[in-house]
Each structure stands twice: as structure tokens, then as C-alpha cells.
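K.L.:
3D model of this:
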Amino acid sequence: MGAYAEIYRRSLDDREGFWLKAAESIAWSKPPSVALDASRAPLYRWFPDGELNTSYNALDRHVEQGRGDQPALIWDSPVTQSQRRYTYAELRDEVARFAGALTGLGVTKGDRVIIYLPMVPEAVIAMLGCARIGAVHSVVFGGFAPKELAARVEDAKPKVIVAASAGIEPTRVVEYKPIIEAALETTEHQPSAVVVLQRDAAKAELTERDVDWAELMASAEPADPVAVAAIDPLYILYTSGTTGKPKGVVRDTGGHAVALAWSMDAVYDVRQGDVWWTASDVGWVVGHSYIVYAPLLVGATTVIYEGKPVGTPDAGAFWRVVAEHGATALFTAPTALRAIKRVDPEGGEIVKYDLSRFSTLFMAGERLDPETYHWAHDKLGVPVIDHWWQTETGWPIAANPRGIEKLPVKPGSATVPVPGWDVRVLDQAGNELPADKEGAIAIKLPLPPGSLPTLWGDDDRFIEAYLSRYEGYYLTGDSGYLDSDGYLFVMGRTDDVINVAGHRLSTGSMEAVLAAHPAVAECAVIGVHDALKGQLPRGFVVLKAGVDIAEEQLRDELVAAVRADIGPVAAFRDVSVVEALPKTRSGKILRKTMRGIADGRDEPVPSTIEDPNVLTALRPILRTEKG
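P.N.:
This next block holds a predicted model:
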């Protein structure tokens, strides 16, 4: 770890010099003279005296440097069987026009705009249009229920909502306008206008408050970029809160631009002119960071995909997109790979496409189990790179820093802490644990640029939720360990560490054992209440397509494997074969919800669920006593 070790050490020993140097990659209206403002610690601020515009950095400066004809955005939509391409000059012009349209609706610097759009180019245009005039955008995943949308409207108080008439799924069309109307019937705050992008699959009837996107754009005057302070908010992104009220994660403007531009080079080894595809949704942090902002900040070409890993039309969809658009790297979630692997376990679809330009597969969002890692590595023949981060952090905490030094891969590990992130593993008393001992993963303050400086309108809640458990540390909520080489292994949420007769065991370790079985496509292990031992693990597995094995035989083999790998202390005896696991739309398995149902609680259906029918089918199985 020569180059990496040196850069990592410098990022912690000389934060000021390190990040001021990184900031030189950004075009500033007023360059910062100071990197870190610690005067209000633990509420740190980065580049406090700098001024810039993110939209200018993502678009205008590339055009001014003579790259206006380079592709900036490729939209690929198998659900509508259409594609669109924008050069940097074309995207800049569309963004400038939409920024002017917002200005015409009375939106000014600091106003909030809620964006409720599916995976269409207009989502990118709307986000960058807000950034251009200093408005604060808050993207809400298209199709979120009225109650959840209403909660975000009440908290952010948007002047305008930008929405589509519908989102298009492989098997259905989701009309957005009724959802918006139902949400606004319950809110005290009312936006002054709702801009509606009409889609052919389902046109919406417009009211007096509504404005047609196409008509608005036709009459709009382009707006120039507005310089804002580096510490001004760029966006709010809501994540679920334990109190039921969503937490509005704030992203500041300057630290965000610096960190994302730095990460594209250092972590992903992606630069100007490369074609980069992040198979996520703009409603999630991955979409914000690595569909919209980061690739455009460095002058790459970004792909936005309106489709699924399977079913649009088949398990070769991802490889078709990579081949057709010449993507050098793909960033997706392990759950997407597991879906593909389940339908196409032998990788027959992969060999149909020319992937000669494809060099790296990046994975994040859920723990990359070793079995899925090996499948992807063997079938694709390219490095498969796991990395780990959160909505709150905005960019990777731990990764293989491909642009600095290509480190050896250890299956099951997110590799090493990224420069800027002082990662520690702590016991319950806050003491640092030695190598290979699992504990709470925490980050010593200050967090680097690009991470959340606070929650929207609630510094106290920010401190209570993230900084109060261990003084001087940000609590990630994940458990894991650092090995003797400094590699980080993230085993799951701290909620997923179960206590079996006094032994603290990671359900992630058990899942890794189950996933290694040749019949298993994906799996989940949860801890359920037991009167004798406190908690006991229960496993749920989904079989690969075409597998024929008796459930009793599979259960015996899985129980034996966990006993051999982890030991009898795990008391692992219960496994159920299920058709599917309940997941969020970003691919995370709803383990907490499953655990609550199994323990007899009346768990509500989470707003982020991908398919409520999966949870409905699983409820009776979860509530069945086992053992």
C-alpha cells in the first residue's frame, strides 16, 4: 500500500493542505483560503469563504474548454423503447432554460424545489437547473406514497414541485398526479406551482396550479449561473428516521463538489471522456452523487437507465447497456447482480455482448457476499470492487482506491478506508478494538468534505442521531472489523448483530455461509426473540432458477454449513425457502421489518418497499414458530 498509505496519512495529518489542493480541481467564483472551519464543532464547515456554482462546474466550464460536442448524458429506456443523447452544450442549454423557467415561477436563491420524477433526462435537468440559480432541490423517489411525500413537503416547504404524469414499470404504469394531489390535501404548506412533465403512457389532467413542462420550457429565458457560498445547501435528501419523521440530510455546495470530483479520479479511476454508468435511481444518494453530479463534474459521459436488471426484457439488460454505450465501468447494487444470477446462473446472457471496453464493476448498497462476488468475477472477467458508504456520507467511506493504487481484493471486504475518513472500530464503551474484533464502525471527527454538515433545520437532531453515542465520533450504525492489513469488513447494521445466549453474532456472517450454497440465489438471516437464549437466528433463502432440491435436504445442508463455519454457538436450525425477499427500491433487504413481524409486532409496510406483495406473502411464514 505505498501510494495509498502515503495519501491516506496525509489526508488525516494535513487536512487543510490536502483538501485545499483537491479544491483546485473546481472552478470557484471566489477560491477558498481556508479548508475547515471548526469554530462551531461538532458542526464543522468546509471551505467557508469560498463561492462557486455547481451547475457551472458540471456543464458550462466543459463547454468553455472546447468540449461542448462531447456526450454528457445518455438516456436508455427499455420500458419506453427509446433513447436520447445530450452533448455538454445541449445539456447546458436545457438546464439554463429550465433554471430560467424556475426563475419565472418565482424561485430564487435558497428556495426549495421538490423533484418527483422517474428516471428521465428531465430529472437531471431539474436538479442542475435548481443548482444553477442557487435553489435547494429535494428529490423524492417517483411513486412514493402520499403520506411520505406530504412529510417531505411539510419539512422542506418547497416553492415549486416538479413532477411527471407517470412512472413506467415493466408491468404497470404508476400515475403520479393523484399521489401529489392526495399529499397536498393533507399539508399545511402549499407550493405555488406544480410543473408536470407529460408522458405518453398516462397524461395528467392539469389544474390551475399546474404548469405543463413543455409549454414552460418553450417560453423560458435561459438563466446564468448564480454564485453561492460553499457552505450553502445544494440539496436535501430524506432518509428514514426512527421517530417516524424523515431526516433531511443536507449536502453543502463546496465540499460536495470537491469530494465528488476527487472521488471519481481517486476511487473509481474515471476521467474526462469516459462513459460511466451507475444503475441506480436519482431518488437515492447513489443517483445524486454518481449519476448526476460526479461524472459531469469531471467531464465524463453518464448513462441514465429507465429499466430493471431483469425483465426489461431479460437478464442480459445490463450487459446490453454496457456494450451498446461503451461503458468502461458499471456501479450497481449486489441485489441487482443476485437477481441476474438467479435467472441466468451460468451467465449465458453475458457472452452475447461485446464487453471489451468494460473494465470494472463497482458494488455498493448492501454487503457484497463472497458468493456473488465470485460469480460476477468469474463470469465477467473484470475486477469486482465492493465499497461502502451511506446517504449521510455522500461518497465512499471504504473502497479500493483504483485511481491511486489498485489494491488486492479480499472477498467480503470493502477494502480500505478512503482518504479523509478516519475509520475506527469501537466496543460498547467506546474503546478502540484490535484487528479482527467486530464492533461498531465509527468515524473520528471531523468528517471530510461532501458529508452531511447537519440535518435540514435541526442541528440538535443531527447531533443526537449521529454524534452522541461516542463523543468525537460519527456513528455509522454498521458493525464490522478491520483486519491486520487495514481492510474493513462491514458485516451489517448494528441492529443485525444478535445476542444468542450471551454470544454476539453477526447475521451477515451467517448470510455469507448460506449464500455460498450452490442452490441459493440470495438470502437473509434475522434474529428473533427466544425465551431461553434471548435471540435465535432464522434464515430465509431464495433458490436459483431451475434448481431442484428438497427443502428438508437444503435445510440440513445449510444448518451443517453454518455449524461448521461459525460453530454450534450460533444455534442456527431454522431455514425457510421463499419466492422472494422484501426489499427497498434501492435493493436493501428489509431485515428490520422482517424481524419485527417475526417477533409479533404489527409492522407497517415501509414507504420504500419495492413490492408490498412480497412482504404480504412472507408475513405468515415469519409468524410461524420454528425450532
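K.L.:
check which helix or strand covers the spatially closest residue to S138 that is not a sequence neighbour.
P.N.:
The shortest distance from S138 to any non-neighbouring residue, by Cβ to Cβ, 6 or more residues apart in numbering, is to I236 (4.3 Å). Where C-beta positions appear, they are placed from N, C-alpha and C, glycine not excepted. Following DSSP states H and E, one finds I236 within strand 233-239.
K.L.:
output the contacting helices and strands for the helix or strand just after that strand.
P.N.:
Per DSSP H and E, strand 233-239 leads on to strand 247-252 as the next helix or strand towards the C-terminus. Using 3 or more Cβ pairs under 8 Å, 6 or more residues apart in numbering; DSSP states H and E as the contact test, the elements touching strand 247-252 are helix 146-156, strand 233-239.
K.L.:
now strand 247-252: average pLDDT?
P.N.:
Mean pLDDT, taken over the full extent of strand 247-252, equals 96.
K.L.:
now the strand holding I236: average pLDDT?
P.N.:
In this model, strand 233-239 has an average pLDDT of 95.
K.L.:
repeat that for stretch 308-321.
P.N.:
Averaging pLDDT along stretch 308-321 gives 96.
K.L.:
still on that earlier bit, which residues sit against the strand holding I236?
P.N.:
If you take Cβ atoms under 8 Å, 6 or more residues apart in numbering as the criterion, strand 233-239 is touched by 54, 112, 127, 130-131, 136-140, 151-152, 155-156, 246-253, 256, 285, 288, 391-392, 456.
K.L.:
over to stretch 521-535?
P.N.:
Residues from elsewhere that reach stretch 521-535 (Cβ under 8 Å, 6+ apart): 335, 338, 341-342, 345, 496, 498-502, 507-508, 510-511, 514-515, 536-545, 571-572, 581, 589, 591, 594-595, 598-599, 627.
K.L.:
mind doing that once more with 6 Å?
P.N.:
Residues lying outside stretch 521-535 but in contact with it, judged by Cβ atoms under 6 Å, 6 or more residues apart in numbering, are 338, 342, 498-501, 507, 510-511, 514-515, 536-542, 544, 581, 589, 591, 594-595, 598-599.
K.L.:
what mean pLDDT does it have?
P.N.:
Stretch 521-535 comes out with an average pLDDT of 85.
K.L.:
just the CA trace of it, in PDB.
P.N.:
Listed in PDB are the C-alpha atoms of stretch 521-535, where the atom choice follows Å, rounded to 0.1, in the frame of the first residue of the first chain:
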ATOM      1  CA  ALA A 521     -29.600 -17.100  -5.200                       C
ATOM      2  CA  GLU A 522     -30.000 -14.800  -2.200                       C
ATOM      3  CA  CYS A 523     -30.700 -14.900   1.500                       C
ATOM      4  CA  ALA A 524     -31.400 -13.100   4.700                       C
ATOM      5  CA  VAL A 525     -30.800 -14.000   8.300                       C
ATOM      6  CA  ILE A 526     -32.700 -12.300  11.200                       C
ATOM      7  CA  GLY A 527     -32.600 -12.600  14.900                       C
ATOM      8  CA  VAL A 528     -35.900 -13.400  16.500                       C
ATOM      9  CA  HIS A 529     -36.800 -13.400  20.200                       C
ATOM     10  CA  ASP A 530     -36.300 -16.600  22.200                       C
ATOM     11  CA  ALA A 531     -37.300 -17.100  25.800                       C
ATOM     12  CA  LEU A 532     -34.300 -19.300  26.600                       C
ATOM     13  CA  LYS A 533     -31.400 -17.800  24.600                       C
ATOM     14  CA  GLY A 534     -32.500 -14.200  24.100                       C
ATOM     15  CA  GLN A 535     -32.400 -14.400  20.300                       C
END
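K.L.:
quick one on the thing from earlier: sort out for me which of the contacts of stretch 521-535 are in strands.
P.N.:
The strands, defined by DSSP state E, take in 498-500, 536-542 from the contacts of stretch 521-535.
K.L.:
adding distance to L433, write the residues you listed out as CSV.
P.N.:
Written out in CSV, the entries for those read as follows (distance: Cβ to Cβ, whole Å):
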residue, distance to L433
I498, 19
N499, 18
V500, 20
L536, 26
P537, 23
R538, 28
G539, 27
F540, 30
V541, 31
V542, 34
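K.L.:
among these, name the buried ones.
P.N.:
498, 500, 536-542 (16 or more other Cβ atoms under 10 Å).
K.L.:
widest-spaced pair of the residues you listed?
P.N.:
Using Cβ to Cβ, these reach their maximum pairwise distance at V500 and V542, which is 24.3 Å.
K.L.:
tell me the SS of Q428?
P.N.:
coil (DSSP: H, G, I helix; E, B strand; the rest coil).
K.L.:
sorry, that was for A442
P.N.:
In three-state terms, and counting by three-state DSSP, A442 is strand.
K.L.:
which SS class is L20?
P.N.:
If you use three-state DSSP, then L20 falls in the helix class.
K.L.:
residue contacts, it?
P.N.:
A35 are the contacts of L20 under Cβ under 6 Å, 6+ apart.
K.L.:
and the pLDDT at it?
P.N.:
For L20, the pLDDT comes out at 98.
K.L.:
could you check how far it is from L36?
P.N.:
In this structure, L20 lies at 10 Å from L36, with Cβ to Cβ, to the nearest Å as the measure.
K.L.:
same check, this time on N53
P.N.:
In terms of Cβ to Cβ, N53 sits 22 Å off from L36.
K.L.:
which one of those two has more residues nearby?
P.N.:
In this view N53 and L36 are compared by other Cβ atoms under 10 Å, and N53 has more residues nearby, 24 against 19.
K.L.:
so who does the more buried one touch?
P.N.:
Applying Cβ under 6 Å, 6+ apart, one finds that N53 lies in contact with 225, 227.
K.L.:
can we start the residue count at 38 from this point?
P.N.:
Taking 38 as the first residue, the last one we looked at is N90.
K.L.:
phi and psi next, for it.
P.N.:
Taking degrees, to the nearest 10, you get phi -130, psi 120 for the backbone angles of N90.
K.L.:
go on, A230?
P.N.:
Torsion angles at A230 (phi, psi; degrees, to the nearest 10) stand at phi -160, psi 150.
K.L.:
wait, it touches L142, no?
P.N.:
Yes: using Cβ atoms under 6 Å, A230 makes contact with L142 at a distance of 5.1 Å.
K.L.:
between the ones in strands among the contacts of stretch 558-572, which sits nearest P155?
P.N.:
The closest of the ones in strands among the contacts of stretch 558-572 to P155 turns out to be V579 (Cβ to Cβ; 27.1 Å).
K.L.:
beta partners for that closest one?
P.N.:
E559 (DSSP bridges).
K.L.:
need the CA coordinates for stretch 396-415. CSV is fine.
P.N.:
Listed next in CSV are the C-alpha coordinates belonging to stretch 396-415 (Å, rounded to 0.1, in the frame of the first residue of the first chain):
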residue,chain,number,x,y,z
SER,A,396,-13.1,-2.7,-17.2
THR,A,397,-14.6,-2.6,-13.7
LEU,A,398,-17.7,-3.5,-11.8
PHE,A,399,-18.4,-1.5,-8.6
MET,A,400,-20.8,-2.7,-6.0
ALA,A,401,-22.4,-0.9,-3.0
GLY,A,402,-25.8,-0.5,-1.2
GLU,A,403,-25.8,-3.9,0.5
ARG,A,404,-22.9,-6.1,1.7
LEU,A,405,-21.4,-7.9,-1.3
ASP,A,406,-21.4,-11.6,-0.2
PRO,A,407,-18.4,-13.6,-1.4
GLU,A,408,-20.6,-15.9,-3.5
THR,A,409,-22.0,-13.1,-5.6
TYR,A,410,-18.5,-11.6,-5.8
HIS,A,411,-17.0,-14.8,-7.2
TRP,A,412,-19.9,-15.3,-9.6
ALA,A,413,-19.5,-11.8,-11.1
HIS,A,414,-15.8,-12.0,-11.2
ASP,A,415,-15.7,-15.4,-12.9
